[in-house]
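Participant: Just the structure for this:
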Amino acid sequence: MKQHSFHRRKILRGMLAGSAVSVGLPILDGMLNNSGDAFAATGKPLPPRFATWFWPLGLGESDWVPKTAGANYELPPQLASLKPYQKKLNLFSGGQVFLDGQANDTHFTGVQGLMTGKVSKTREYYGSVDALVGDVIGTGTRFRSLQVCCSGEVRAGWSAHPQSGLLPAEVSPHALYTRIFGPEFKDPNAATFTPDPEVILRRSVLSGITEDRQKLMQEVGAADKAKLDNYFTSLRSLEQKLEVQLQKPDPLASCSKSAEPKQDDGHILTIAEDAMARHDLFAQLFVHALACDQTRVVNLAISNAFCGLRKAGDATSHHTYTHEEPIDPKLGYQVTCAWFQDKYMKALGDFINVLDSVREGDKSLLDRMVVFAFTDHGAPRLHSVRNYPLMTFGGGNGRMKTGLHVPRPGDALTRVGFTVQQAMGVPVSSWGVGSNKVNSAISEVLT
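Facilitator: The predicted structure follows:
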């Protein structure tokens with residue numbers, strides 16, 4: 001028998017500003033069997049998780065494709081920020097979305113095909129990959145899924161239910177924090193949900209559960225005590241960062257509006273660095289939500305596909321640069337576009353890093369999940385639906401091999417989504433419509 005044994009659904013309760021609050025706990029060693037791969041109370045294996053991560057406007061022409069296939073390939077410069085995580089990365093190149101006679105509705109058709117399996121002449125968008133996965137692994141958690149957009153656009157995400165369609169994205173870190181850790185509202189999923197961020201300033205959630213927290217720290221073993229100490233320290237740090245964001249930011253010199261920007265209540269952001277700062281907050285919140293089993297499916301979008309993000313002091317957006325910036329004759333790519341792409345890849349690397357830093361028994365949180373990173377185009381200058389850069393991270397709880405470059409020239413891009421669904425346990429024998437229909441997975445990456 002293990003000492004200091006706890007049930008995985010144990011939570012800490014307390015009061016905050018007169019309201020009842022509860023905070024979920026990460027998976028502690030005391031909740032697991034002696035092998036660290038299943039819950040002691042039930043014998044059930046630790047749960048798989050899934051995330052999608054969207055960045056706009058592709059990566060470049062074909063110069064992002066590694067020269068060799070399989071393991072130990074050399075990452076191209078566009079993906080250099082991901083080098084520390086290469087062993088847990090699968091990079092897919094060469095795939096395409098087949099139009100089957102339909103027009104390419106730029107910034108939409110490609111994602112419609114790769115995420116829902118079909119291309120249509122209308123903007124029909126139902127049943128995205130993450131929602132299909134969520135129907136299998138997410139039904140027993142507080143939130144079936146969580147979705148956010150860093151630039152502040154509620155309808156900029158790509159998560160869509162099979163029946164009801166596109167799900168709105170959360171745009172405020174404070175609102176997401178309150179949904180996960182704050183006062184328990186009757187309907188936290190309501191589209192009009194507007195929490196009072198002053199609650200966080202007056203007294204933090206951790207202060208509200210002080211008594212229960214101190215009691216737990218006295219009961220757990222040394223390893224779990226260290227894990228909880230790191231967990232609570234991380235939460236406190238996150239609360240402090242959110243408090244800072246409640247203060248009015250300085251006016252943006254290049255902003256076309258003369259009025260000062262509002263507090264970070266989820267307003268639209270136009271400066272890339274500001275969106276990346278919000279990304280880091282969302283990433284930390286997602287990690288806590290996944291580690292505490294509040295949800296098993298999360299979806300993060302940097303911006304909408306047209307991407308109005310700009311460099312500070314520059315009035316031209318990333319999207320406009322894809323059309324107007326010439327290719328540098330010496331370097332062979334659009335230099336400013338590459339600057340934006342590098343920002344996105346660094347943010348993706350940060351997200352992967354925090355997922356990999358959370359330990360769950362004998363593996364990390366990243367090892368127990370799949371992160372599906374995608375974009376809206378192949379070559380952004382051409383707005384093409386060919387040679388898409390797609391990536392997955394994580395071992396899917398032992399269901400996926402990692403560290404591979406998998407070239408699939410001319411293959412249906414839906415095969416990657418189909419492979420991910422099979423790795424996540426979705427009972428599907430085929431997926432897609434028309435030329436995008438596939439019935440076999442990419443065997444190189446499945447165990």
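Participant: Now Met217: which helix or strand?
Facilitator: Element membership of Met217 [criterion: DSSP states H and E] is helix 210-219.
Participant: How far does the helix or strand following that helix sit from its chain's centre?
Facilitator: Note on helix 210-219: by DSSP H and E, the next helix or strand toward the C-terminus is helix 222-245. Mean C-alpha position of helix 222-245 versus that of the full chain (C-alpha atoms, centre = their mean, to the nearest Å) differs by 21 Å.
Participant: what's across from Lys363 in the sheet?
Facilitator: Note on Lys363: beta-bridge partners by DSSP bridges are Glu360.
Participant: And the pLDDT for it?
Facilitator: For Lys363, the pLDDT comes out at 91.
Participant: One more: Ser254?
Facilitator: Reported pLDDT at Ser254 in the predicted model: 28.
Participant: returning to what we had before: now do the buried residues in the helix holding Met217.
Facilitator: By 16 or more other C-beta atoms under 10 Å, the buried positions in helix 210-219 come out as 212-213, 216. Every residue, glycine included, has its C-beta placed from N, CA and C.
Participant: which residues sit against stretch 74-84?
Facilitator: Residues outside stretch 74-84 that contact it (C-beta atoms under 8 Å, 6 or more residues apart in numbering) are 59-60, 63-68, 86, 89, 91, 338, 341-342, 345-346, 348-349, 352-353, 391.
Participant: Which among these count as buried?
Facilitator: Buried residues within these, counting neighbours by 16+ other C-beta under 10 Å: 59-60, 64-65, 86, 89, 91, 338, 341, 345, 348-349, 352, 391.
Participant: now do the same end-to-end measure for stretch 33-42.
Facilitator: One end of stretch 33-42 sits 9 Å from the other (C-alpha to C-alpha, to the nearest Å).
Participant: With stretch 150-162 instead?
Facilitator: 24 Å.
Participant: List the buried residues of that stretch.
Facilitator: Buried residues in stretch 150-162, counted by 16+ other C-beta under 10 Å: 150-153, 156-161.
Participant: Run the chain-centre distance for it.
Facilitator: On C-alpha atoms, centre = their mean, the centre of stretch 150-162 falls 12 Å from the chain's centre.
Participant: ok, residues contacting the helix holding Met217?
Facilitator: 4, 12-14, 25, 206, 225, 228-229, 232.
Participant: okay, the angle between that helix and helix 222-245?
Facilitator: Helix 210-219 and helix 222-245 are oriented at 150 degrees to each other (axes from the mean of the first three to the mean of the last three C-alpha atoms, to 10 degrees).
Participant: hey, C-alpha coordinates of helix 210-219 in CSV?
Facilitator: C-alpha atoms of helix 210-219 as CSV (Å, rounded to 0.1, in the frame of the first residue of the first chain):
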residue,chain,number,x,y,z
THR,A,210,-5.6,28.6,2.7
GLU,A,211,-6.9,26.4,5.5
ASP,A,212,-7.5,23.4,3.2
ARG,A,213,-4.2,23.9,1.4
GLN,A,214,-2.2,23.9,4.6
LYS,A,215,-3.9,20.8,5.9
LEU,A,216,-3.1,19.0,2.6
MET,A,217,0.5,20.0,2.7
GLN,A,218,0.8,18.4,6.1
GLU,A,219,-0.7,15.1,4.9
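Participant: distance between it and the chain's centre?
Facilitator: The answer for helix 210-219 is 32 Å, by C-alpha atoms, centre = their mean.
Participant: Same check on stretch 120-140?
Facilitator: Centroid separation for stretch 120-140 versus its chain: 15 Å, with C-alpha atoms, centre = their mean.
Participant: In that stretch, which residues are buried?
Facilitator: Buried, per 16+ other C-beta under 10 Å, within stretch 120-140: 120, 125, 127-138.
Participant: for stretch 97-108, same thing?
Facilitator: Quick answer for stretch 97-108 (16+ other C-beta under 10 Å): 97-99, 102, 107-108.
Participant: Then stretch 424-433?
Facilitator: Within stretch 424-433, the residues that count as buried by 16+ other C-beta under 10 Å are 424, 426, 431-432.
Participant: Tabulate the residues you listed in TSV, adding columns for pLDDT.
Facilitator: TSV is the format used below for the buried residues of stretch 424-433 (pLDDT from 0 to 100):
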residue	pLDDT
Met424	97
Val426	97
Trp431	98
Gly432	98
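Participant: nearest to Pro409, of those?
Facilitator: Of all the buried residues of stretch 424-433, the one with the least separation from Pro409 (C-beta to C-beta) is Gly432, at 18.3 Å.
Participant: got a list of what the closest one touches?
Facilitator: Contact analysis of Gly432 by C-beta under 8 Å, 6+ apart lists 117-118, 412, 414, 418, 438.
Participant: Tell me how many other residues crowd the nearest residue to it once chain neighbours are set aside.
Facilitator: Computed as C-beta to C-beta, 6 or more residues apart in numbering, the closest residue to Gly432 that is not its neighbour in sequence is Gly117, at 3.7 Å. Gly117 has 27 neighbours, counted by other C-beta atoms under 10 Å.
Participant: For Gly117, what are phi and psi?
Facilitator: The phi and psi values for Gly117, taken as degrees, to the nearest 10, are phi 90, psi 0.
Participant: and of the buried residues of stretch 150-162, the nearest to Asn72?
Facilitator: Among these, and counting by C-beta to C-beta, the member closest to Asn72 is Trp158, at 32.2 Å.
Participant: so where's this protein uncertain?
Facilitator: Residue ranges of the chain with pLDDT under 70: 1-9, 11, 15-22, 62, 182-203, 244-266.
Participant: Can you show me the helices along it?
Facilitator: 109-116, 129-137, 173-181, 198-202, 205-208, 210-219, 222-245, 272-291, 318-324, 335-357, 414-423 (DSSP state H).
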